[in-house]
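K.L.:
sequence plus the predicted model coming up.
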Amino acid sequence: MLYAFLLGMIMFAYSMVINRRVTALIRSFRLQSLFLALLTLAFAYKEGSLEIYIVALLLVVLKVIGIPNYLNRLSKKINIDESLGLFMNPLLSLVAALVFTFVSVLFGTVVLRNQDPITCISFITAMTTVFIGFFIMVFRAKAITQIIGLLTMENGIFLLAVAIAGGMPFFVEIAIFFDVFICVIITGIFLYRINRLFTHIEINRLTELRG
Amino acid sequence: MWFPDNIIFHLDLLAVFFLAVIAVVSIPALIYSYGYLKGTYSRLRVCMLTVGTLLFILAMAMVVCSANLLAFLFAWEIMSLVSYFLVVFDHEHQQSVEAGLIYLVMTHVGTAFLSVAFLMMYHYAGSFDFALVKSSLPAIPLAVKHLLFLFLLIGFGTKAGIVPLHIWLPYAHPQAPSHISSIMSGAMIKVAVYGFLRIVLGMLGVVSVWWGISILLLAAGTCFVGIMYALLERDIKKILAYSSVENMGIILLGIGTGMVLLSKQQFSLAAIAFAAGLFHLINHAVFKGLLFLGAGSVYKATGTREIEKLGGLIKRMPQTAVFFLVGALAISGMPLLNGFVSEWLIFQSLFSAAGALSAAYKIFFIFMMITLAITGGLAVACFTRVFGITFLAMPRSQRAAQASEVALSMKLAMGILAAGTLALGLYATQVWQVLIKVAEVIMGNNALSLNTGNIFVAGSVLPMPLIAGIFVAVLGLVYLLVRFAAGPAKVTKSPTWDCGYYGLSSRNEYTATAFSKPFRIAFSFFFLPQHRVEKLRDSYYHVSSLKYEVHTIHVFKQYFYEPIVKVIFLVAQRIKSFQMGSVHWYLGYILIVFIGVVIFVLVR
Amino acid sequence: METAFFIFQVIIMIVISPLVSGLMRKFKNSLRMRKGSPVLQPYYNLRKYFMKEEVVSEHASVILRITPYVVLASTVTAFLFVPVFHFSNFFQVTGGILALFFFLALGRFFLVLAGLDTGSAFGGMGSSREVFISSLAEPVAICAAAVVGLKSGALHLSAALNLTSTPVSVVIAAVALLLVVIAETSRIPVDNQETHLELTMIHEAMLLEYSGRSFALLELSAHSKQMLFFGVLASILWPLPVTAQSGLVIYFWSVVWFIGKIAVFACMVSVLEVMLAKMRLFRVVDFMGFAFLLSILALIMAGLGV
């Protein structure tokens, strides 16, 4: 069961890499978050911890429903065209993602020797997700992808925490959720402003702002 | 762990002495500010400034009282930051903002060195507490001690204005409102000396004789450079700021001598040298405070700090003139006032060091005496120039001609400090006895071997009340003799002789620039003066107007700081090419670092 | 009794100081094959100035009026740090010779201010040059004094009297000090007392606005200052037959001996003055530089124990 959820997460991470359109990207993110939430539920069931249940619930509320909806609304509101503005075409991106996975595997085997396979695979998935989140932030032009990249990274880190450490302290978790939430809202507002000001949100065209 | 037993503050005699220095300067400055700020600033700003000043004074007191490296650093930083805001208080002047920037940069360079030194001490002691650090310091390797000394010297030296780290002082001190300048020059730079005494001498001790010698060499350079620039400057407050640099040099001459003597086991002579340095420290606080307040009064009355535009103020502001004269006499080391006593004591301790040590030291210490003598001579030149050009003869501008005496509170503040210079001079013996005790605190355990009786023989102060009495008696006697031998004076008033041109005006007067010209020429190797003459001719024979420009090159700025700044900018330009302006690149940098870290772990 | 002697000594010094100037002038004139003014001419001058009315510049302030008194009083006080024809000086403290220089500086400080006070360009010029030269002379003087102090063990002149023989370093220091004396008493290679040429005068330029009794007082201080410097030189160079005992007869002989020493110095300075030409202001730097070099030489020798 756990393996299936992990597989789902990593599949949707890959799908984010090959997505060409904003709505598709948001959908991939939503589904990845869903799998993460399911995974967390599974862990909660395994550990029998009430706190992790609550965290999973929050995950569903925020990342599966709240934020993707908000982003969808935002992208409609500012009328961006659908394309993400790729700096690297999907195929090459997929190759890069596979390289990341490979690095994660190497890293995982070095860091976690003699651990049970579920931890090991969780670790690999988490690292890959973090890398891919990063990758999306770097190689996609639209500002909205920066938000999604960041959230994806956060997903990876969350997974790392849940899978290896059995979740962070409850308050830290809550605080991180809050942080992410605020972060998304603020970036959203910024996006809106940037769009109003420059009539586009392609970050590579903001180069003239440098000192 | 950081604050064991919650001892953050404590007081000993040394701290009390410095608290007294701070109080002696700050209280008159606060009184002064009442009249000084009135009518110049809005009530809100006066309020802000007063709160800032109080905070500043409090921060200095906290530095002096702290018994913990962290508390010290914390208070030190508050002191620096608050004083920065006080410097840029007149932020509508471009100069203030620039001065503030230089000050901020320099003071933080200093703080950075201090922080590193403190962290090193923490590393070895495992605690920030003064007493614990002190007890664990003997175990530190020698090389580390030398490094600590260097860092602390740079850190405190920046604040104290040791050449070549003095660069901020002549910019920052004049730009602040005058009572703040008075506190900064009178008290804040002394706090740096306190830090040096407390942490270097109190904790590290004097490990090598070279420490003392390097302090002496720096002090000699500081004296000379400070007074030289003061002599050429035309801004009255800048002159005073440069002269502060010089006086810090004199104070350090005393302290450096003490350090050399301490490492040579000459304990009683060392105590005399330290006490002499401290005596000059409190004296400088008093008369420099006085002079800055006087300069502030001149500024308030005339609206200019340029001495070339002043003149004749002694007739329009007689009390201010008298107070300023007292300050000028004191700072030039003229007898009967306090500057004389302490300069004499420092001469004396340099000489006794020369007498007590071996041949090379003899020559070295006499050289220090010569430096001090040159400095003294130049100080006389500098302060006769300031007083003469500012207060005497005819006014050189309309505003100087229309000046009027300042408010009562300002005169009161100056009067208190002027009385202080006189009192410190006349009661030198009593002050000296206290200072010897303070010097014993500085010397710590070494003080146990002091022969206290011996000190008073070797370093006995001049019998100031007697000398003063004789001087005044002679003065009176001469007057009375002349009065009775030749009858009452027959005085005729007449204009100054003008070579028969019948039109002597302020344009005929000697200017400040002309006054310092012999020095500019004689020390041209140092000043590198440049001049340009521009003649507008009607015909070959008649020059209708003539423009004469002279300026000197500030060697330290030109050859020390500008190369540094240039290198920094060059590096910054290079680094700037990393700033692509694209968020993707920035994220890419992070990604690269991230992967790098992963690979690093893998390889390991 | 002691105190009475000291007071007496100071009074004698001041009273005979114009005489020394007069003698020097006479001697110089006879060297130049001139008849010259009477030896007592400085006294006649002083009496004349004292009796004359005083013209004070209306631009000047109170500084101009008080300066003559301050200058004379500081010079007189400085005498108390010199053992002239007595074994000890009045203030038996170490570092007395430094205090002497400080007191002379006090007089100079006021004189320089007085020069600036009238608003005349000459005064300012004189003041500027005076502080310039004295700030060059001061280090030499201090260095020479320190050398003597090193050899005699303390920084006061009565200690110098204890030296049984005169070491080489002290002699060199004394020569350096002699050059300082020439500069400080405005004598020829540095300044010229006998002229009022605008471009060259230094000391006289500061006094240009003075007249009447103020001028007399300043003249008297100049004479006394010269006497004081000769006294310092005398106690450094020929300290020998000064006695520790007191008593009127011995006192009388030491006075005579002192006057003899002074006369020798006066002659030396006069001869120098006749032989040399006045220097340009900026050549004075070289002159004082030479004096400085001498004093450094003396210092190194003293450091090596010679």
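P.N.:
Received it, and whenever you're ready, just let me know what you need. What you see is a predicted model; the values in this text were computed from it and never measured. Numbers count the residues shown, from 1 in each chain, chains lettered A, B, ... in the order given.
K.L.:
can you map out the helices along chain A?
P.N.:
A:2-18, A:22-47, A:50-59, A:67-77, A:90-111, A:117-139, A:143-165, A:170-198 (DSSP state H).
K.L.:
now render the ones you listed as CSV, adding distance to B:I366 and mean pLDDT.
P.N.:
All C-beta spots, glycine's among them, are computed from the backbone N, C-alpha and C. Converted to CSV, these look like this (distance: least, CB to CB, whole Å; pLDDT from 0 to 100):
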stretch, distance to B:I366, mean pLDDT
helix A:2-18, 81, 87
helix A:22-47, 82, 88
helix A:50-59, 80, 84
helix A:67-77, 81, 86
helix A:90-111, 70, 85
helix A:117-139, 70, 86
helix A:143-165, 71, 83
helix A:170-198, 70, 78
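K.L.:
could these be laid out in a markdown table, adding distance to chain B and mean neighbour count?
P.N.:
Shown next, in a markdown table, are the helices of chain A (distance: least, CB to the nearest CB, whole Å; neighbours: other CB atoms under 10 Å in any protein chain shown):
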| stretch | distance to chain B | mean neighbour count |
| --- | --- | --- |
| helix A:2-18 | 14 | 20 |
| helix A:22-47 | 16 | 21 |
| helix A:50-59 | 24 | 18 |
| helix A:67-77 | 18 | 17 |
| helix A:90-111 | 5 | 16 |
| helix A:117-139 | 5 | 23 |
| helix A:143-165 | 7 | 22 |
| helix A:170-198 | 11 | 14 |
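K.L.:
can I get the ones you listed in TSV with distance to C:L233?
P.N.:
Shown next, in TSV, are these (distance: least, CB to CB, whole Å):
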stretch	distance to C:L233
helix A:2-18	99
helix A:22-47	99
helix A:50-59	98
helix A:67-77	97
helix A:90-111	89
helix A:117-139	87
helix A:143-165	88
helix A:170-198	86
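K.L.:
quick one, which of the ones you listed gets closest to B:F287.
P.N.:
Distance to B:F287, taken as CB to CB, is lowest for helix A:170-198 among the helices of chain A, at 57.5 Å.
K.L.:
what is that closest one packed up against?
P.N.:
helix A:50-59, helix A:67-77, helix A:143-165 (3 or more CB pairs under 8 Å, 6 or more residues apart in numbering or on different chains; DSSP states H and E).
K.L.:
out of the ones you listed, which comes closest to chain C?
P.N.:
Closest to chain C of those is helix A:143-165 (CB to the nearest CB; 69.5 Å).
K.L.:
figure out how far that closest one is from the centre of its chain.
P.N.:
4 Å (CA atoms, centre = their mean, to the nearest Å).
K.L.:
same thing with stretch B:378-385?
P.N.:
16 Å.
K.L.:
what's the average pLDDT for that stretch?
P.N.:
Here stretch B:378-385 scores 95 as its mean pLDDT.
K.L.:
that stretch near chain C at all?
P.N.:
Yes - on the criterion CB under 8 Å from any CB of the partner chain, stretch B:378-385 is in touch with chain C at B:378, B:380-381, B:384-385.
K.L.:
mind listing residues that contact that stretch?
P.N.:
B:227-228, B:230-231, B:239, B:243, B:246, B:328-329, B:331-333, B:512, B:515-516, B:519, C:105, C:108-109, C:112-113, C:116, C:127, C:131-132, C:134-135 (CB atoms under 8 Å, 6 or more residues apart in numbering or on different chains).
K.L.:
what sits against A:T129?
P.N.:
Counting by CB under 8 Å, 6+ apart, the residues that A:T129 touches are A:9-10, A:13, A:32, A:152-153, A:155-156, A:159.
K.L.:
for those, which one is nearest B:L169?
P.N.:
The closest of those, once distances to B:L169 are taken by CB to CB, is A:M153, at 50.1 Å.
K.L.:
quick check, the closest one in contact with A:V130.
P.N.:
Yes - A:M153 is in contact with A:V130 according to CB atoms under 8 Å; the separation is 5.0 Å.
K.L.:
now name the helix or strand holding the most centrally placed residue in chain C.
P.N.:
What sits nearest the mean C-alpha location of chain C, by CA atoms, centre = their mean, is C:Q226, with 3.0 Å. Secondary structure from DSSP states H and E places C:Q226 in helix C:212-237.
K.L.:
what about that helix, distance to the chain center?
P.N.:
The answer for helix C:212-237 is 5 Å, by CA atoms, centre = their mean.
K.L.:
check stretch A:181-195 too.
P.N.:
17 Å.
K.L.:
tell me the centre residue of the chain?
P.N.:
Went with chain A since none was named. Most central in chain A (CA atoms, centre = their mean) works out to A:T152, at 1.0 Å.
K.L.:
my bad, the chain I had in mind was chain B
P.N.:
Most central in chain B (CA atoms, centre = their mean) works out to B:S244, at 2.6 Å.
K.L.:
where does it sit, in terms of helix or strand?
P.N.:
Applying DSSP H and E, one finds B:S244 within helix B:236-263.
K.L.:
report the distance from the very next helix or strand once past that helix to the chain centre.
P.N.:
Counting by DSSP H and E, the next helix or strand C-terminal to helix B:236-263 is helix B:267-302. When distances are taken as CA atoms, centre = their mean, helix B:267-302 is centred 8 Å away from the chain's centroid.
K.L.:
same check, this time on stretch A:67-84
P.N.:
17 Å.
K.L.:
list the residues that contact residue 148.
P.N.:
You didn't pick a chain, so chain A it is. Applying CB under 8 Å, 6+ apart, the residues near A:I148 are A:16, A:25-26, A:29, A:71, A:136.
K.L.:
other chain: chain C
P.N.:
C:97, C:157, C:160, C:170, C:173-174, C:236.
K.L.:
repeat that for 7 Å
P.N.:
Counting by CB atoms under 7 Å, 6 or more residues apart in numbering or on different chains, C:V148 touches C:160, C:170, C:173, C:236.
K.L.:
isn't the first one right up against C:A154?
P.N.:
It refers to C:A160. No - here C:A160 does not reach C:A154: they are 8.7 Å apart, not a contact under CB atoms under 7 Å.
K.L.:
which one's more surrounded, the two?
P.N.:
C:A160 (24 against 21; other CB atoms under 10 Å in any protein chain shown).
K.L.:
with adjacent residues omitted, what lies nearest to that one?
P.N.:
C:S152 (4.7 Å; CB to CB, 6 or more residues apart in numbering or on different chains).
K.L.:
and residue 168, what's its pLDDT?
P.N.:
All of this is about chain A. Predicted confidence (pLDDT) for A:M168: 67.
K.L.:
try chain C instead
P.N.:
87.
K.L.:
now do the contacts for it.
P.N.:
Counted by CB under 7 Å, 6+ apart, C:V168 has contacts C:301, C:306.
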